[in-house]
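> Here is a sequence together with a model predicted from it:
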Amino acid sequence: MRGRFAPSPTGYIHLGNVWSAFLAWLQVRQAGGTLVLRIEDIDEQRSKAVYTKALMEDLSWLGLTWDEGPDVGGPYGPYIQQERYDRYDEALAVLREKGLLYPCYCSRTRLQAIGAPHAGEHTVYDGHCYGLSEDERRRMTKKPSWRIHVSKETVSFTDSVYGRQQDDLPSSCGDFVVRRADDMYAYQLAVSVDDGSMAITHVLRGEDLLSSTAQQIWLMKILGYEAPCYTHVPMLIDGDGNRLSKRQQGITVRALRQDGVDAETILSHLAYAGGLVPERRRYSRADLVNICDFKKLRTEPIVIAGTMK
């Protein structure tokens with residue numbers, strides 16, 4: 001097993017981040033596999049080196065150690081996305097050679113007018129720019145984004161928590177962006193290339209990304225990679241039903257640590273809240289590896305409220 005934790009360094013990690021990191025670490029350690037730490041910093045405006053350093057410090061303090069990563073290296077590096085742009089360019093070249101890549105000149109206003117998606121769904125692109133002639137494209141003055149054309153593509157897979165999934169890409173998202181007009185690589189492209197080229201066999205992440213998994217599976221197939229097994233886990237929410245985020249106060253690892261909460265108490269609290277352990281008490285990391293039962297993981301959003309002390 002090769003699993004990964006792939007945080008974005010856009011702020012200090014909080015309990016929502018720790019939840020995914022803990023379960024990814026737990027899944028790999030129970031299987032005796034290899035855990036990869038990959039820094040997903042393609043959002044150059046929001047990603048900061050100070051947060052990269054901080055999240056590695058916080059994960060180490062929690063004891064959620066990794067086997068390959070920016071600091072320890074490994075055979076599939078580099079492990080920082082901003083150092084992997086050549087891989088993304090190569091992937092775009094493959095898509096172009098296959099005749100799947102095309103420029104999109106649609107404005108933000110036009111895309112918004114197509115229709116806002118329902119919760120958890122993607123905006124379905126109507127293919128407006130796919131049918132433009134070469135002459136029409138030459139007359140365009142706006143710098144384009146680049147989309148990949150999906151035609152009659154239905155993707156099926158089984159998620160370890162949420163079961164059988166089937167997604168008809170033309171009706172669920174349509175042709176999707178793989179490189180933005182500002183030259184930033186899209187998440188769907190970067191994560192597909194990285195998981196494929198790093199030989200990741202198991203991906204564990206939040207349920208909020210379940211709806212985009214089919215796009216990644218299809219894209220990996222086009223690029224010649226084998227898709228990993230997926231485990232999507234329920235999101236952490238506060239007492240008011242709001243998803244935990246970096247904007248909320250008091251839930252970062254640093255804040256909890258300053259408040260005197262130790263690492264094993266944090267992990268034990270999360271394990272109990274998620275239904276992985278039978279009793280609410282402090283467990284050692286070794287105990288958590290031995291006792292936690294993924295089959296008992298809750299599927300509904302998990303409320304995190306009250307003190308951990």
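Okay, I see it.

> those helices in the protein, which residues are they?
15-31, 49-62, 85-97, 108-114, 134-138, 169-172, 187-197, 213-222, 253-258, 263-273, 285-291 (DSSP state H).

> Among these, which comes closest to residue 236?
helix 15-31 (4.8 Å; Cβ to Cβ). (Each C-beta comes from the backbone N, C-alpha and C, glycine too.)

> ok, and for the closest one, which residues are buried?
In terms of neighbour count (16 or more other Cβ atoms under 10 Å), helix 15-31 has its buried residues at 15-29.

> do the same with stretch 183-190
Going by 16+ other Cβ under 10 Å, stretch 183-190 has these buried residues: 185-190.

> quick one: terminal-to-terminal distance for that stretch?
13 Å (Cα to Cα, to the nearest Å).

> How about residues contacting that stretch?
Stretch 183-190 has contacts (Cβ atoms under 8 Å, 6 or more residues apart in numbering) with 40, 42-44, 81, 84-85, 88, 91-92, 176-180, 212, 215-216, 219.

> if you average pLDDT over it, what comes out?
Stretch 183-190 carries an average pLDDT of 96.

> Out of the buried residues of stretch 183-190, flag the one nearest to residue 8.
Checking these one by one against residue 8 (Cβ to Cβ), the nearest turns out to be residue 187, at 9.4 Å.

> if I look at that closest one, how far off is residue 74?
22 Å (Cβ to Cβ, to the nearest Å).

> try residue 235
For residue 235 relative to residue 74 (Cβ to Cβ), the value is 30 Å.

> Next: residue 189.
Counting by Cβ to Cβ, the gap from residue 189 to residue 74 is 22 Å.

> Same check on residue 286?
Distance from residue 286 to residue 74, by Cβ to Cβ: 25 Å.

> Tell me which of these two has more neighbours.
residue 74 (16 against 9; other Cβ atoms under 10 Å).

> contacting residues for residue 157?
So residue 157 contacts 164-165, 213-214, 217, 227, 230 (Cβ under 8 Å, 6+ apart).

> Pick out the most distant pair among those.
164 and 227 (15.0 Å).

> so where's the stretch 151-300 of the chain shaky on pLDDT?
Where the stretch 151-300 of the chain drops to pLDDT under 70, the residues are 246-250.

> how about a cut-off of 50?
The model of the stretch 151-300 of the chain has no residue with pLDDT under 50.

> With the stretch 1-150 of the chain instead?
Ranges of the stretch 1-150 of the chain meeting pLDDT under 50: 118-120.

> ok, residue 164 and residue 227, which is more surrounded?
Shown here are residue 164 and residue 227; by other Cβ under 10 Å, residue 227 has more neighbours (21 against 8).

> Roughly how far does that one sit from residue 153?
From residue 227 to residue 153 the distance is 14 Å (Cβ to Cβ).

> quick revisit: need the buried ones from the contacts of stretch 183-190 selected in ChimeraX.
Remark: buried members of those, expressed as a ChimeraX selection using 16+ other Cβ under 10 Å:
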select :40,42,81,84,88,91,92,176,177,178,179,212,215,216,219
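
> Next, count neighbours for residue 279.
There are 8 residues near residue 279, going by other Cβ under 10 Å.

> Could you do the one 5 residues further on as well?
Using other Cβ under 10 Å, residue 284 has 13 other residues around it.

> For residue 166, name its beta-bridge partners.
residue 156 (DSSP bridges).

> Hmm, residue 153 and it touching each other?
No. Counting by Cβ atoms under 8 Å, residue 166 does not reach residue 153; the two are 11.5 Å apart.

> So between those two, which is more surrounded?
Between residue 166 and residue 153, counted using other Cβ under 10 Å, the more crowded position is residue 153 (16 against 10).

> Could you find the closest non-adjacent residue to the more buried one?
The shortest distance from residue 153 to any non-neighbouring residue, by Cβ to Cβ, 6 or more residues apart in numbering, is to residue 169 (4.4 Å).

> Relative to residue 211, how far out is that neighbour?
Distance from residue 169 to residue 211, by Cβ to Cβ: 12 Å.

> out of those two, which sits in the busier spot?
The neighbour comparison of residue 169 against residue 211 (other Cβ under 10 Å) goes to residue 169, with 22 against 18.

> I'd say the more buried one and residue 149 touch.
No. Under the criterion of Cβ under 8 Å, residue 169 makes no contact with residue 149, lying 10.2 Å away.

> My read is that residue 263 contacts residue 61, right?
Yes. When contacts are counted by Cβ under 8 Å, residue 263 is listed as touching residue 61 (5.9 Å).

> Looking at these two, which is more packed in?
Neighbours per residue, other Cβ under 10 Å: of residue 263 and residue 61, the larger number sits with residue 263, 18 against 14.
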